[in-house]
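**Q** quick check, what structure comes out for this input:
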Amino acid sequence: MSDTSRDIATELLDAALMHVPFDGWSDAAFQAAIADVGVAPALAKGLNPRGAIDLAAAFHRRGDDAMVAALNAQDMSGMRFRDKVALAVRLRLEAADDKEAVRRGVTLFALPMHAAEGAKLIWGTADRIWNTLGDTSRDINWYTKRATLSGVYSSTVLYWLGDDSLGHQATLAFLDRRIDDVMQIEKVKAQVRKAPGFDRLVKSAESVLSRVKPPKARRDDLPGGWTTPR
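**A** This is a model prediction of the structure:
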């Protein structure tokens with residue numbers, strides 16, 4: 001079979017996952033995957049310029065893809081929106097079927113030199129959840145929704161890594177509590193909006209916040225946009 005007819009990137013990731021529990025997302029795991037797949041090191045490096053870091057990122061995005069596919073297959077008619085979000089996070093955890101690979105990835109992206117990459121991946125997960133659930137916000141809420149869900153998702157993953165309860169029931173209960181906390185914040189915000197003088201405050205802030213827009217095109221980095229006032 002020629003290299004042109006093979007999905008070498010996928011083969012390298014699958015091979016690396018056999019070594020990650022022992023070597024982590026390291027150069028040793030990357031080199032072992034190259035040897036297992038039997039491809040030229042130059043080709044493997046061309047597909048993954050940063051080596052194991054690129055493989056770890058690809059593993060995370062593979063989980064996102066599986067989550068989106070599973071979420072799209074669900075019948076969510078009649079579900080509360082908070083339950084849809086909880087379902088999406090649960091499906092994302094289920095998509096991460098190799099807990100040790102996730103644990104090693106958390107360790108890798110906790111390092112200062114890779115922290116930005118880790119934040120970008122978590123943001124990407126939150127972005128895909130909101131997009132799949134049909135989010136249409138085009139203002140500052142676009143950012144706050146993803147920032148809030150990023151916090152919920154990342155804290156739930158950390159809890160899940162240490163959870164040995166049957167069917168990860170403790171993690172699901174933790175997730176429900178985190179989402180309930182977010183909903184309580186939304187209730188407080190709604191009450192604040194009814195306070196005397198709040199309308200004047202909002203109007204003064206809107207002149208600034210209305211200039212904040214989501215990116216026009218999907219990018220593989222932390223999104224951001226600031227429109228020029230007309």
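**Q** let me see the residues that make contact with stretch 126-146.
**A** With contacts defined as C-beta atoms under 8 Å, 6 or more residues apart in numbering, stretch 126-146 is touched by 64, 67-68, 71-72, 81, 84-85, 88-89, 92, 123, 147, 149-150, 153, 209-210, 212-214, 223. Glycine gets a C-beta too; all of them are placed from N, C-alpha and C.
**Q** low pLDDT regions in the protein?
**A** 1-5, 185-212, 217-230 (pLDDT under 70).
**Q** how about residues contacting stretch 75-94?
**A** Taking C-beta under 8 Å, 6+ apart as the rule, stretch 75-94 contacts 63-64, 67, 70-71, 74, 125, 129, 132-133, 149, 152-153, 156-157, 160, 168, 171-172, 175-176, 179, 183.
**Q** what about the contacts of stretch 126-146, which are in helices?
**A** 64, 67-68, 71-72, 81, 84-85, 88-89, 92, 123, 147, 149-150, 153, 209 (DSSP state H).
**Q** assign the residue nearest the centre of the chain to helix, strand or coil.
**A** With distances taken as C-alpha atoms, centre = their mean, residue 125 lies nearest the centre of the chain, 2.3 Å away. Here residue 125 is helix, with the state taken from DSSP: H, G, I helix; E, B strand; the rest coil.
**Q** which ones are touching it?
**A** Residues counted as contacts of residue 125 (C-beta under 8 Å, 6+ apart) are 60, 63-64, 67, 92, 150, 153.
**Q** against residue 113, how distant is residue 33?
**A** According to C-beta to C-beta, to the nearest Å, residue 33 and residue 113 sit 22 Å apart.
**Q** on that earlier part again, any idea how far the residue nearest to the centre of the chain lies from residue 12?
**A** For residue 125 relative to residue 12 (C-beta to C-beta), the value is 22 Å.
**Q** what's the first-to-last distance across stretch 159-174?
**A** Its first and final residues considered, stretch 159-174 spans 8 Å by C-alpha to C-alpha, to the nearest Å.
**Q** just stretch 21-28 next, same as before
**A** In stretch 21-28, first residue to last residue: 12 Å (C-alpha to C-alpha).
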